[in-house]
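Asks: Need a 3D model of the sequence below.
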Amino acid sequence: MKITGQTLVYGIIGNPVRHSLSPVMHNAAFSALHEDRVYIPLPADDLAAAVAALRHLGVAGASVTIPFKEAVLDLVDEIDPLAARIGAVNTIQVRVSETDRRIYGCNTDWLGSNRALAEEIPLAGSRAAILGAGGAAKAVAFGLIEAGADVIIHSRSEEKGRALARLLDCAWFPLEETGQRQADILINATSVGMTPNVTAIPVDPAVLPAFQVVMDAVYAPLQTRLLREAAAAGCCCIDGLQMLLYQGVAQFELWTGRDAPLAVMRQALLQQSATGVP
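Replies: Residues are numbered from 1 along each chain as shown. A predicted model of the protein is given here:
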């Protein structure tokens, strides 16, 4: 990849963000299609300053990750109607005109989670228990409801959990009650189990046999404790790379207007995750 004065710059805004595999995935895709673009990590302590920098430094677009997916809504100039309904943004386009540069926010997380889940189980008519009430949980829940699934929210924070349940018109229960009601799918949409806290697990492993499919949005490490315990309980497991891959495909196509090289992006993620080095 040759960087020049014409190279378009993209990045991922979050904290922490050095572990992200998104740069590997997107740079492999840009290279495969000979796109003069590059994607880098953008660790941020001040979200408002980071979003302003996108505009003033000429950055072409960005991913947004933990803990900024909800807070960034107040900082964009325009927002996609679906992202507004979800209440979270994970993708930014910087739209350039002759007079200004406008920050446009949208969401591809729900596309990624739906596509990953649909490979293993029909979504229409299924029931999913979602762990968490943050931006990722909102996107996953929205996607499932759009696909005709029934959703239950479980969270540690009652206030945030009930607020999300009201927004989606679904049920909320405390995190410790996970598994007490029938569900086909369990999705961890929290950061529990992410490096460096790799021994953490968001639910009691004893409840896992109640679920047919278990998906973890965490992908560092790839095999979280949740997924190891779920596999031992006989569940079909979906790791965080699948959701990352498919939401990244949607991002790539939004930024470039071209079909994403899916096989290239998947292989880049698998190779990098196998090294254990971000």
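
Asks: Glu35 and Phe68, how far apart?
Replies: The gap separating Glu35 from Phe68 is 26 Å, by C-beta to C-beta, to the nearest Å. From N, CA and C alone the C-beta is placed, and that goes for glycine too.

Asks: Run through the stretch 151-278 of the chain and note the low-pLDDT ranges.
Replies: Under the criterion of pLDDT under 70, the regions of the stretch 151-278 of the chain flagged as low confidence span 276-278.

Asks: need the strands for it, in chain order.
Replies: Assigned by DSSP state E, counting those that start in this stretch, the strands in the stretch 151-278 of the chain fall at 171-174, 185-188, 213-216, 236-238.

Asks: Tell me the buried residues in the last one?
Replies: Residues of strand 236-238 classed as buried: Cys237, Ile238 (neighbour count, 16 or more other C-beta atoms under 10 Å).

Asks: which residues are in contact with it?
Replies: Here strand 236-238 makes contact (C-beta atoms under 8 Å, 6 or more residues apart in numbering) with 116-117, 119-121, 212-216, 227, 230-231.

Asks: Shouldn't Phe142 be within a strand?
Replies: No - secondary structure assignment places Phe142 outside any strand; it is helix (DSSP: H, G, I helix; E, B strand; the rest coil).

Asks: wait, isn't it in contact with Leu168?
Replies: Yes - counting by C-beta atoms under 8 Å, Phe142 sits close enough to Leu168 to count as a contact (7.0 Å).

Asks: more crowded one of these two?
Replies: Residue environment comparison for Phe142 versus Leu168 gives the larger neighbour count to Phe142, 25 against 21, counting by other C-beta atoms under 10 Å.

Asks: Need the pLDDT of the residue nearest to that one when sequence neighbours are not counted.
Replies: When the adjacent residues along the chain are set aside, Phe142 lies closest to Ile86, with 4.7 Å between them (C-beta to C-beta, 6 or more residues apart in numbering). In this model, Ile86 is scored at 89, pLDDT.

Asks: any idea how far Ile86 lies from Asn107?
Replies: Ile86 is 5 Å from Asn107, by C-beta to C-beta.

Asks: Mutual contacts of these two, please.
Replies: When C-beta under 8 Å, 6+ apart defines a contact, the residues bordering Ile86 and Asn107 alike are Ala139.

Asks: what about the nearest residue to Gly234 once chain neighbours are set aside, how many neighbours?
Replies: Closest residue in space to Gly234, ignoring its immediate chain neighbours: Pro209 at 6.5 Å, by C-beta to C-beta, 6+ apart. In terms of burial, Pro209 registers 13 neighbours under the definition other C-beta under 10 Å.
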